[in-house]
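Predicted model and sequence follow; I will ask about them next.
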Amino acid sequence: MNIVIIGGGPAGSEAAYRLAGEGYTVDLVEKENSIGGNLNNWYQLFPDRKPASEVVQGLQQHLNHPGITLHIDTEAIGITESAPGKFSVKLSNNTVLHSAAVLLATGYKLFDAGRKEEYGYGIYKRVITSAELENLFTNHSLATVYGDTPQRIGFIHCVGSRDEKICNYHCSKLCCITAIKQAIEVREMLPEAEIFCFYMDMRMFGPGYEELYREAQEQHNIKFIRGRLSEAAENINGQVVIKVEDTLVGKPLRMSLDLMVLMVGMEAAAGSGTLAGSVQIPLYPNGFIRPADPHTGTNLTARPGIFTAGSCTSPMNLTDTLTDARSAAWQIKKWLTGPDKQ
């Protein structure tokens, strides 16, 4: 039996490998020119600092399985069902793939920091995103666009998450731990720099996260200030001047920064809504795909035979994404080998 998986990020790649290992043929569709998805934007992973490239390479090796056909630079633009268990997936190159089951692993997109104009992204050159900082780590250089080395760096949490103004009420889960990891990496590269994290609440939900948080404070002298940025401007020296209220002491703060890093959150990928809508699968208000049941059917959808894996349903870290992909593969096998499929 053939299975179509839409999305070649960690979830789609892992599920493809697991299903191919069970003897199924798999068409894996990826709209970019390489697999790995947003994982390609990372330098090191938390909490153990493992190089992200090693994980991507492992996923790529798994896709060498003879049962997997990879379609890169190709976008899935619609799904139709002619009969129960008979799906057709139309691709951007006008090819149509036929399958007994479809797995949506369309992942997420990073929030566009330019939508928060008050933060100055795209206006002030010393304002960058967390993804752009990862690229600087990859290049082993923290020089600003002006060529200087920043001596005071501020990390702004929850950019595009938990924000009523832009109607993103959800927590992206990864921003806090990403800021901590990146702050430690900055400290290792710039031992004399002042480093601040401006946060709403520190949400350390994963194994090893709380320990990394304590390490940042006790061993690396990262300063954490509970307060949300209200305004950013540029002074005559080209520094970013921010205004923040320290909500723990109830006092306003004004500080100049050589580099301000916006911890951008996760939003639903546009393709998720398009594909789900083509087969009447409901979405959450924030655009993520709604599973059949939030407790017992997280890989199932309202349309039998169409499944989900990874962060197309909600923000997830890499560990949970890979686990969810394996769960989805098992659910698909169960569907294809059920009593009514004999």
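Now that the structure is in, tell me what you want to look at.

now the strands for the stretch 51-200 of the chain?
Listed in chain order, the strands found in the stretch 51-200 of the chain under DSSP state E, counting those that start in this stretch are 68-71, 76-83, 86-91, 96-99, 101-104, 108-110, 127-129, 152-159, 194-199.

Same list, those strands, but as TSV with distance to residue 287 and mean pLDDT please.
Backbone N, C-alpha and C define where each C-beta goes, glycine included. What follows is these, written out as TSV (distance: least, Cβ to Cβ, whole Å; pLDDT from 0 to 100):
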stretch	distance to residue 287	mean pLDDT
strand 68-71	25	98
strand 76-83	17	93
strand 86-91	21	96
strand 96-99	25	97
strand 101-104	13	98
strand 108-110	10	96
strand 127-129	20	97
strand 152-159	18	97
strand 194-199	25	97
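
Pick the most deeply packed of the ones you listed.
Highest mean neighbour count of the strands of the stretch 51-200 of the chain: strand 101-104, a mean of 27 (counted as mean count of other Cβ atoms under 10 Å).

Each with direction, which strands does it pair with?
Sheet pairing of strand 101-104 (DSSP bridges) gives strand 2-6 (parallel), strand 306-308 (parallel).

Mean neighbour count and distance to residue 243 for these - can I get that in JSON lines?
JSON lines is the format used below for the strands paired with strand 101-104 (neighbours: other Cβ atoms under 10 Å; distance: least, Cβ to Cβ, whole Å):
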{"stretch": "strand 2-6", "mean neighbour count": "26", "distance to residue 243": "44"}
{"stretch": "strand 306-308", "mean neighbour count": "28", "distance to residue 243": "42"}
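
any chance of these in a markdown table, with mean pLDDT and distance to residue 220 too?
Listed next are those as a markdown table, based on pLDDT from 0 to 100; distance: least, Cβ to Cβ, whole Å:
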| stretch | mean pLDDT | distance to residue 220 |
| --- | --- | --- |
| strand 2-6 | 97 | 40 |
| strand 306-308 | 98 | 38 |
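
can you put these in CSV and add distance to residue 127?
Rendered in CSV, the data for the strands paired with strand 101-104 read as follows (distance: least, Cβ to Cβ, whole Å):
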stretch, distance to residue 127
strand 2-6, 34
strand 306-308, 35
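
Compare the strands of the stretch 51-200 of the chain and report which one is nearest to residue 327.
Of all the strands of the stretch 51-200 of the chain, it is strand 101-104 that lies closest to residue 327, at 11.3 Å by Cβ to Cβ.

Of all the strands of the stretch 51-200 of the chain, which one is nearest residue 11?
Of all these, the one in closest proximity to residue 11, counting by Cβ to Cβ, is strand 101-104 (8.5 Å).

for the strands paired with strand 101-104, which one sits closest to residue 161?
Ranking those by distance to residue 161, with Cβ to Cβ as the measure, places strand 306-308 first at 21.1 Å.

Run the angle between the helix or strand just after that closest one and strand 2-6 for me.
Downstream of strand 306-308, the next assigned helix or strand under DSSP states H and E is helix 318-336. Helix 318-336 and strand 2-6 are oriented at 150 degrees to each other (axes from the mean of the first three to the mean of the last three Cα atoms, to 10 degrees).

Could you give the bridge partners of residue 28?
Applying DSSP bridges to residue 28 yields these beta-bridge partners: residue 5, residue 70.

ok so, going back, will you turn the strands of the stretch 51-200 of the chain into JSON lines that also has distance to residue 138?
As requested, the strands of the stretch 51-200 of the chain are arranged in JSON lines below (distance: least, Cβ to Cβ, whole Å):
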{"stretch": "strand 68-71", "distance to residue 138": "25"}
{"stretch": "strand 76-83", "distance to residue 138": "30"}
{"stretch": "strand 86-91", "distance to residue 138": "32"}
{"stretch": "strand 96-99", "distance to residue 138": "35"}
{"stretch": "strand 101-104", "distance to residue 138": "30"}
{"stretch": "strand 108-110", "distance to residue 138": "16"}
{"stretch": "strand 127-129", "distance to residue 138": "14"}
{"stretch": "strand 152-159", "distance to residue 138": "18"}
{"stretch": "strand 194-199", "distance to residue 138": "20"}
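
hmm, back to that, nearest to residue 93, out of the strands paired with strand 101-104?
Closest approach to residue 93 among the strands paired with strand 101-104 (Cβ to Cβ): strand 2-6, 14.3 Å.

Run through the residues that contact residue 232.
Each residue near residue 232 by Cβ atoms under 8 Å, 6 or more residues apart in numbering is listed here: 118-120, 124, 127, 240-243, 260.

Write the ChimeraX selection for whichever of those are buried.
In ChimeraX syntax, the buried subset of the contacts of residue 232 is picked out as below (16 or more other Cβ atoms under 10 Å):
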select :119,120,124,127,240,241,242,260
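
Report the lowest-confidence entry in the contacts of residue 232.
Across the contacts of residue 232, the smallest pLDDT goes to residue 118, namely 91.

tell me which element the closest residue in space to it that isn't next to it in sequence falls in.
Counting by Cβ to Cβ, 6 or more residues apart in numbering, residue 231 is the residue found nearest to residue 118 once chain neighbours are left out, at 6.0 Å. In this structure, residue 231 is located in strand 229-234 according to DSSP H and E.
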